[in-house]
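Visitor: I'll drop the sequence and a predicted model, then ask my questions.
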Amino acid sequence: MRFAKSAVTSVFTTSLDFALLAGLVELAHVNYVLATFLGTVLGASTNFLINRRWAFQATAGHAGHQALRYLVVQIGSAALHTSGVYALTHFAGAPYLVSKVIVAIAAYLVWNYPMCRYYVFQLPIVTTNK
């Protein structure tokens, strides 16, 4: 259930990310690389808040410590997104939004979810003495 909630959260926050990316590129004529980075910042911020409360139900943990760990994860995620979109768009010739979809899915599955689950919002290990 945690994965499903996190996936729903990711779809919502990725939509915010995409909207900012497309708006900046198409309406404000911002370079797609910079717009990709800014979109990930918006998406990551909202993702942390929703995941902490709803998907991982990790409000018992210290928010500041979680936020610092999340920041580390998101630096990696922003680097993956920015470099991945650049590489697919610049070298493979894919449209930037197609590149963003591919990179967003891959980054979520191999980086964002595992790091949030096991590093940022980890649940305390419960041991039983028998």
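Guide: Nice, thanks for sending it over.
Visitor: Check what pLDDT residue 61 gets.
Guide: Looking at residue 61, its pLDDT reads 87.
Visitor: so it, which of the three states?
Guide: Under DSSP: H, G, I helix; E, B strand; the rest coil, residue 61 falls in the coil class.
Visitor: Now do the contacts for it.
Guide: Residue 61 makes contact with residue 121, according to Cβ atoms under 8 Å, 6 or more residues apart in numbering. Heads up, the C-betas are built off the backbone N, CA and C, glycines and all.
Visitor: before we move on, what about residue 39?
Guide: 16, 17, 18, 19, 20, 21, 24.
Visitor: and the helix or strand that it is a member of, average pLDDT?
Guide: Under the criterion of DSSP states H and E, residue 39 resides in helix 32-50. Average pLDDT, helix 32-50: 93.
Visitor: by contact count, what packs against the following helix or strand past it?
Guide: Once the chain leaves helix 32-50, the next helix or strand it forms, by DSSP H and E, is helix 63-90. Packed against helix 63-90, as judged by 3 or more Cβ pairs under 8 Å, 6 or more residues apart in numbering; DSSP states H and E, are the following elements: helix 32-50, helix 96-107.
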